[in-house]
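Colleague: next input, structure requested:
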Amino acid sequence: SASPPMAPTLFPMESKSSKADSVRASGAPQACKHLAEKKTTTNPTTVIEVYPDTTEVNDYYLWSIFNFVYLNFCCLGFIALAYSLKVRDKKLLNDLNGAVEDAKTARLFNITSSALAASCIILVLIFLRYPLSDY
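Modeller: Residues are numbered from 1 along each chain as shown. Down below sits the predicted model:
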């Protein structure tokens, strides 16, 4: 059996006899263990396919249903619901970029519908509290 090649040391050894043991016993520095046991290893190549995580895309489905049923100001709740359904379809087809764009659009329509409906409700409450006949 072939022995692994020895790493160079500061104190050359002539042979693997008792003289080598006497040099080690006398306090001479030894070669690093990892240098003396040099092994050749090959790393196998592993291919990992990473698919985009479609669960991270919000579809704003519940918010769209709420806006459609309760705050359907100028049909903006219906448009938001349509875009929310498109997001769900694109998530099933793994079209992540299209799902993100439609999610942004659904969020925009939901925000607009909620803000306009809330402002209308606030205006109605103000006019009920302070009717125009008082002025």
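
Colleague: contacts and neighbour counts: CA atoms only from here.
Modeller: OK.

Colleague: just the helices in the chain please.
Modeller: 18-25, 33-36, 61-69, 76-92, 96-129 (DSSP state H).

Colleague: buried residues, the longest one. List them.
Modeller: Using 16 or more other Cα atoms under 10 Å as the test for burial, helix 96-129 gives 96, 98-100, 102-107, 109-114, 116-117.

Colleague: got a list of what L116 touches?
Modeller: Contacts of L116 were listed using Cα atoms under 8 Å, 6 or more residues apart in numbering, and they are F73.

Colleague: any idea how far I122 is from it?
Modeller: According to Cα to Cα, to the nearest Å, L116 and I122 sit 10 Å apart.

Colleague: for Y60, same thing?
Modeller: 25 Å.

Colleague: can you check D102 too?
Modeller: 30 Å.

Colleague: how about L76?
Modeller: 19 Å.

Colleague: shaky segments in the protein?
Modeller: 1-43, 49-55, 134-135 (pLDDT under 70).

Colleague: same list, the helices of the chain, but as CSV with distance to I48 please.
Modeller: Converted to CSV, these look like this (distance: least, Cα to Cα, whole Å):
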stretch, distance to I48
helix 18-25, 49
helix 33-36, 32
helix 61-69, 33
helix 76-92, 22
helix 96-129, 19
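
Colleague: among these, which is nearest V47?
Modeller: helix 96-129 (22.2 Å; Cα to Cα).

Colleague: and the closest residue to V87 other than its chain neighbours, what does it touch?
Modeller: Spatial nearest neighbour of V87, chain neighbours left out: A99 (4.7 Å); criterion: Cα to Cα, 6 or more residues apart in numbering. Going by Cα under 8 Å, 6+ apart, A99 touches V57, K86, V87, R88, K90, K91.

Colleague: show me what contacts the residue nearest to A80 when sequence neighbours are not counted?
Modeller: Nearest non-adjacent residue to A80, counting by Cα to Cα, 6+ apart: A106, 4.6 Å away. A106 sits next to D59, Y60, S64, I79, A80, L81, Y83, S84 when contact means Cα under 8 Å, 6+ apart.
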